[in-house]
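Visitor: Next come a sequence and a model predicted from it.
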Amino acid sequence: MNSTTGRLTAITATGAAAALALAGCSSVDDAPDADGLTPISLQLQWLPQAQFAGYFAAQDQGFFEEEGLEVEIIESGGDIVPQDALVSGDVDYAVAWVPKVLGSIEQGAAVTNVAQIFQRSGTLQVAWADAGIDSVSDFEGKSIGSWGFGNEWEIFAAMAAEGLDASTVDVITQSFDMNAFLSGDIDAAQAMTYNEYAMLLETVDPDTGELHQPDDFSVIPYEGTAGGMLQDAIWADSDRLADDEAYRETTVAFLRAVIKGWAFARDDVEAAADITIEAGSSWGAGHELWMANETNKLVWPAENGIGHIDEAAWDRTVAGALAAVNEQGAHLITEEPPASAYTNDYVQQALDELEAEGVDVHGLEFAPIDVDLAEGGA
């Protein structure tokens, strides 16, 4: 794999308090630093890994610096809510799934989706091939795994579309691995195409002594169902967008750099995987390359340009969120979000400028590579 330039400055905090303390109160109102760069901060929704390859690539390749920015990338974890960090003023931007943020918006969070990086859902429900679970309609009476933290709403939205009562399934909180599924404690486990599904294919089948194969599993993608909601998006502070011209200008500059970072990750996936490892990812090289490759599939091709928020996809996500009811009868949201919940104004300006400079912002010729997995993700 390719080496990197080593400009990464990602934060590696050990917990929520440490991460937020390190985040400080970065703001584009701060004076430029000694290098003349405007300091801003980005809150991820998880630990460093190739799910966020474009941001780390933008930092590593100097794209943020080219836009006059010094960006602090702050890792997260299950107990950190990115949009909460944004609302509290601890960070300038945050990466989070749309349905999770819709719930926060209904509770009063003034945040705006300014770039929809993932164009497709990467969530799966995985069962054994002989379990008789081949679609969402087969969930009734089964134990269905979910990580919680808002990840369960895709399940409930898909079930609602099938007319299934959520109380008829046993929703089991699974760890961020596939151990409960492999041990038989869960009938169908939640998995991301770029992560947990690869864990299964990196595990030895005790019956054969060889790695598990795709034919061993029944894989149910939420993409294409009512549960296929928009996922990783970049969120900004709605009030600052309305009131602060410097913040608006910085938002466009930030998105320009991020788009270039994701284009780099598309065009050199091996280097992108290396960069995320250098940024602090704990995954093995093979697993990280799989993740970078699968993440690219969620981003590219981008018919309207990377980050463009498709109105139909947004409306489907909102409809799924309105329909979703959990096993306790609670709704994710009960009313349509305000118009301020998303805008294409800033990302479209960034796309137009970059396309005029010759940057491929659509990736219509994108083709993923083939990745061979090894035991344990090595």
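Guide: Perfect, I can see it now.

Visitor: now the stretch 101-250 of the chain, which segments are flagged as low pLDDT?
Guide: Of all residues in the stretch 101-250 of the chain, none has pLDDT under 70.

Visitor: quick one: contacts for the closest residue to Leu230 other than its chain neighbours?
Guide: Closest residue in space to Leu230, ignoring its immediate chain neighbours: Val98 at 4.0 Å, by CB to CB, 6 or more residues apart in numbering. Yep, even glycine has a C-beta here, placed from its N, CA and C like the rest. Contact partners of Val98, counting by CB atoms under 8 Å, 6 or more residues apart in numbering, are Asn113, Gln116, Met229, Leu230, Gln231, Ala233, Trp314, Thr317.

Visitor: for the stretch 1-150 of the chain, what spans make up the strands?
Guide: For the stretch 1-150 of the chain, the strands defined by DSSP state E, counting those that start in this stretch cover 38-43, 69-74, 93-97, 111-115, 123-128, 143-146.

Visitor: and the second one, average pLDDT?
Guide: Think strand 69-74. For strand 69-74, mean pLDDT rounds to 98.

Visitor: That one to strand 38-43, inter-axis angle?
Guide: With axes from the mean of the first three to the mean of the last three CA atoms, to 10 degrees as the criterion, the two stretches strand 69-74 and strand 38-43 enclose an angle of 30 degrees.

Visitor: measure the residue nearest to the spatial centre of the chain to Leu182 for me?
Guide: Centroid-nearest residue in the chain, with CA atoms, centre = their mean: Asp232, separated by 3.4 Å. Distance check for Asp232 against Leu182: by CB to CB, to the nearest Å, it reads 27 Å.

Visitor: number of nearby residues for Gly89?
Guide: Residue crowding around Gly89 was assessed by other CB atoms under 10 Å; the count is 14.

Visitor: same question, Ser104
Guide: Applying the criterion other CB under 10 Å, we find 21 residues in the vicinity of Ser104.

Visitor: ok, and the closest non-adjacent residue to it?
Guide: Distances taken as CB to CB, 6+ apart put Gln83 closest to Ser104, at 4.9 Å, once the chain neighbours are dropped.

Visitor: ok, so what distance separates that neighbour from Ala94?
Guide: With CB to CB as the criterion, Gln83 and Ala94 are 6 Å apart.

Visitor: Following element in sequence after the strand or helix carrying Phe156, please.
Guide: For Phe156, the element it lies in under DSSP states H and E is helix 153-161. Tracing the chain C-terminally past helix 153-161 and defining elements by DSSP H and E, one meets strand 170-173 next.

Visitor: Check the secondary structure at Gly280 for me.
Guide: For Gly280, the secondary structure call by DSSP: H, G, I helix; E, B strand; the rest coil comes out as coil.
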